[in-house]
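Trainee: Fold the following and give me the result.
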Amino acid sequence: MSRRRIHVTLTLMFASSWCVAVANGCSAAGTKIDVTGTGTGGVGGALSSSTGTAHASSSTGQGGMISFLDSGNAPDAVADVITNPCKSECGPVELCDPAHLGFDDNCNGLVDEGCACTPGSVHWCFEGDPSYRNTPGCYDGTETCSELGIWGPCLGGVQAVPPDNCFVNNVSACHAISAAPYATIQLQSGVGAFDANAVPGSESYTVQCPAGVSQCPAVMLPDSYEALQSGEYTVTYSKSVAGNPNPMSCTFPLFVGAPGLRFELSWEHTTADPGVDLDLHVHQPVNTQPWAVSPGEPQDCTWSSCKFDTIETGLPPAPQWFPTLNMVPQPVNWDLDLVTPSNNTCYNDPRGVGAMWAAFGKGCHNPRQDVDNITCDFSVTNPNDPSFCTPENTNIDYPPDKEWIRVGVHYYWNHNETYAVHPEIKIFCNGALSADLGPQGFYSPTAPVTFDSSDGMGSGTGNRFWIAADVAFSTDACGATTCIVQPIYSDATNLTPLLTLDTAAKALFAPAWPPAPQ
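Mentor: Purely as a prediction, here's the structure:
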């Protein structure tokens, strides 16, 4: 073979400050109400609750004016938000507007309780006083929208509520640690002094990977670990102590994530064969040229245009999506951090690619594809083995503001295998999971996106192409960065994924870009 070598809106904020354009309140009894004030001279909306009706009047000026009729304590809560738009302390009510999504606004240990959402949506969450978010020792969890259209519990993370009390940050005991994808981490750094009395030779570590990770890397003795996918891992440390016949253990989380925008594509593999070949594609913002497979084109970041070997040689022309004279945090084609080399995350790439990026001496290219899988061996658990079944991924360390970026998956070849596969795209924004596309969110009842074996019959042409979603970053006046993910559908029901053929995807860019996010 010659080749080679793939309306739901999730809004995320990555800052501890709050800023609102739409204020949402709650009645004194805890019933949710929405209160909307528009800009200069605009007319707000009204929504009845079980304890009264709140009416937003016409508003003028920067903050506007809001009056209420029989709505308990909601006026004080909303007025406080408007007069102090960028705040980070506990308040009297839980707020549902996008700027407050993920926060435990009323500090009752619950997040977004009663807030409406689209089933299948994913969002970061943080329980307890919002001012502790992103402080040392504190880590976000994840909430998922239920089939009932309300946010589920905040799972994982290290929260500012008992028993976590993350702000205490007691590193003398077992405690949370973090790392970038592909970086080698010594798990002993999360044990603190808990291992002080361990019998030599008795210590061991096991790691449980996040949901959706099909092949979990093994721990390399004695305590070395390399996580190839973003998310929250669970580490268990065990030891023997002299005089105690029972082993002792502790458990702590390992959070893996990278700054910027990261796409991770995975699919099923089996131990009986080398697997099928899917490819991740990420399309240049604003540009309306069609997708490309082979030969590669600079508007489509994929295996044929965006790996190290193609970027190094410039054949085909490497993606040049951003102004060459930009300086970070502006979008830039090349970013080289000489002060803190570990910030050049591409230097950690597996299969020897990281060493090649480092030797090239220009830092990390944006965009870039770190890993491309053609075949792999599902029985291999060493992540440094070239045959390990790691997901494909594409990164933009400093994404542009308010510009859509499109992601798709191409079924390159089924390698004459006859089973169906289910592509899964995880989208991470500044390390937080903001979308998990493929397993859910499509069809009614919900069913996974499926590629039949016949969808990959040809070797690189005439095969299935899934145009999956548009994603954009947006920063508000308070410095909060939101990440908007908008899945793409094939019809007006907002249920059916857009599954086309590569011949069509290479001929015409469609659908058109949506209006730029505001």
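
Trainee: For the chain, give me the ranges with low pLDDT.
Mentor: For the chain, the stretches with pLDDT under 70 are 1-88.

Trainee: residue farthest from the centroid of it?
Mentor: Checked against the mean C-alpha position of the chain, the extreme residue using Cα atoms, centre = their mean is G243, at a distance of 46.3 Å.

Trainee: That one: what's it in contact with?
Mentor: Contact partners of G243, counting by Cβ atoms under 8 Å, 6 or more residues apart in numbering, are absent. For glycine as for every other residue, the C-beta is placed from the backbone atoms N, C-alpha and C.

Trainee: right, and W413 touches G460 too?
Mentor: Yes. Taking contact to mean Cβ atoms under 8 Å, the distance of 6.5 Å between W413 and G460 places them in contact.

Trainee: Distance-wise, check the residue farthest from the centre of the chain relative to N106.
Mentor: Between G243 and N106 the computed distance is 49 Å (Cβ to Cβ, to the nearest Å).

Trainee: what does V235 give?
Mentor: 33 Å.

Trainee: And those two? Which one has more around it.
Mentor: Neighbours per residue, other Cβ atoms under 10 Å: of V235 and N106, the larger number sits with V235, 23 against 17.

Trainee: Report how far apart the opening and closing residues of stretch 317-327 are.
Mentor: With Cα to Cα, to the nearest Å applied, stretch 317-327 spans 22 Å between its terminal residues.

Trainee: and that stretch, which residues are buried?
Mentor: Across stretch 317-327, burial judged by 16 or more other Cβ atoms under 10 Å covers A318, P319, W321, F322.

Trainee: what's the answer for stretch 239-247, then?
Mentor: Applying a neighbour-count criterion of 16+ other Cβ under 10 Å, the buried positions in stretch 239-247 are K239, S240.

Trainee: CA atoms of it as CSV?
Mentor: As requested, the backbone C-alpha atoms of stretch 239-247 are provided in CSV (Å, rounded to 0.1, in the frame of the first residue of the first chain):
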residue,chain,number,x,y,z
LYS,A,239,2.9,-0.4,50.1
SER,A,240,3.8,-2.8,52.9
VAL,A,241,4.8,-1.5,56.4
ALA,A,242,7.0,-3.4,58.8
GLY,A,243,5.0,-5.1,61.5
ASN,A,244,1.7,-4.7,59.6
PRO,A,245,0.5,-7.8,57.7
ASN,A,246,-2.0,-5.8,55.7
PRO,A,247,-0.9,-3.7,52.7
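
Trainee: Identify the residues contacting the closest residue to D470 other than its chain neighbours.
Mentor: Excluding the flanking residues, the one nearest D470 by Cβ to Cβ, 6 or more residues apart in numbering is W404, at 4.3 Å. Shown in contact with W404 (Cβ under 8 Å, 6+ apart): P285, D470, V471, A472, Q486, W513, P514, A516, P517.

Trainee: Relative to A198, how far out is N106?
Mentor: With distances defined as Cβ to Cβ, the gap from N106 to A198 amounts to 43 Å.

Trainee: Redo the buried residues of stretch 317-327 as TSV? Include distance to A435 and secondary structure.
Mentor: Supplementary listing: the buried residues of stretch 317-327 in TSV, determined by distance: Cβ to Cβ, whole Å; DSSP: H, G, I helix; E, B strand; the rest coil:
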residue	distance to A435	secondary structure
A318	27	coil
P319	22	coil
W321	21	coil
F322	23	coil
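
Trainee: what's the most distant pair in the residues you listed?
Mentor: In those, the most distant members under the criterion Cβ to Cβ are A318 and F322, with 12.1 Å between them.

Trainee: Let me know the closest of the buried residues of stretch 317-327 to P119.
Mentor: P119 has its nearest neighbour among these in W321, at 33.6 Å by Cβ to Cβ.

Trainee: What sits closest to the closest one if chain neighbours are left out?
Mentor: Q284 (5.1 Å).

Trainee: Could you give the number of residues near that neighbour?
Mentor: Other residues within reach of Q284, judged by other Cβ under 10 Å, total 20.

Trainee: looking at it, it is touching Q299, isn't it?
Mentor: Yes. With the criterion set as Cβ under 8 Å, Q284 and Q299 qualify as a contacting pair; they are 4.3 Å apart.

Trainee: what sits in contact with each of these two?
Mentor: Common neighbours of Q284 and Q299, using Cβ under 8 Å, 6+ apart, are P319.

Trainee: Okay, and the beta partners of the one residue sitting closest to the centre of the chain?
Mentor: With the centre of the chain defined as its mean C-alpha position, the nearest residue by Cα atoms, centre = their mean is F428, 1.8 Å away. Each beta-bridge partner of F428 is listed here: R262, L433, as defined by DSSP bridges.

Trainee: can you give me the strands for the stretch 351-500 of the chain?
Mentor: Secondary structure of the stretch 351-500 of the chain (DSSP state E, counting those that start in this stretch): strands located at 364-365, 368-371, 392-396, 405-413, 424-429, 432-437, 464-475, 481-487, 498-501.

Trainee: Next, format those as JSON lines and append distance to L148.
Mentor: Rendered in JSON lines, the data for those read as follows (distance: least, Cβ to Cβ, whole Å):
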{"stretch": "strand 364-365", "distance to L148": "42"}
{"stretch": "strand 368-371", "distance to L148": "38"}
{"stretch": "strand 392-396", "distance to L148": "33"}
{"stretch": "strand 405-413", "distance to L148": "28"}
{"stretch": "strand 424-429", "distance to L148": "24"}
{"stretch": "strand 432-437", "distance to L148": "19"}
{"stretch": "strand 464-475", "distance to L148": "24"}
{"stretch": "strand 481-487", "distance to L148": "20"}
{"stretch": "strand 498-501", "distance to L148": "27"}
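
Trainee: Compare these and report which one is nearest to F509.
Mentor: Distances from F509 to each of these were compared by Cβ to Cβ, and the smallest falls on strand 405-413, at 8.8 Å.

Trainee: Now that closest one: buried residues?
Mentor: Of the residues in strand 405-413, those buried under the neighbour-count criterion (16+ other Cβ under 10 Å) are I405, R406, V407, G408, V409, H410, Y411, Y412, W413.

Trainee: And for stretch 194-202?
Mentor: Judged by neighbour count using 16+ other Cβ under 10 Å, the buried positions of stretch 194-202 are F194, D195, A198.

Trainee: Next: stretch 416-424.
Mentor: Under the neighbour-count criterion of 16+ other Cβ under 10 Å, stretch 416-424 has E417, V421, P423, E424 buried.

Trainee: Now for the residue nearest to the last one when sequence neighbours are not counted: which residues touch it?
Mentor: Across the structure, with Cβ to Cβ, 6+ apart as the measure, the residue nearest E424 apart from its sequence neighbours is G438 (4.1 Å). Taking Cβ under 8 Å, 6+ apart, we find G438 in contact with H422, P423, E424, I425, P448, V449, A468.

Trainee: Over to D470?
Mentor: D470 makes contacts with W404, I405, R406, V407, V485, Q486, I488, W513, P514, as judged by Cβ under 8 Å, 6+ apart.

Trainee: and it, what are its bridge partners?
Mentor: Assigned bridge partners for D470, using DSSP bridges, are R406, Q486.

Trainee: Sounds good, over and out.
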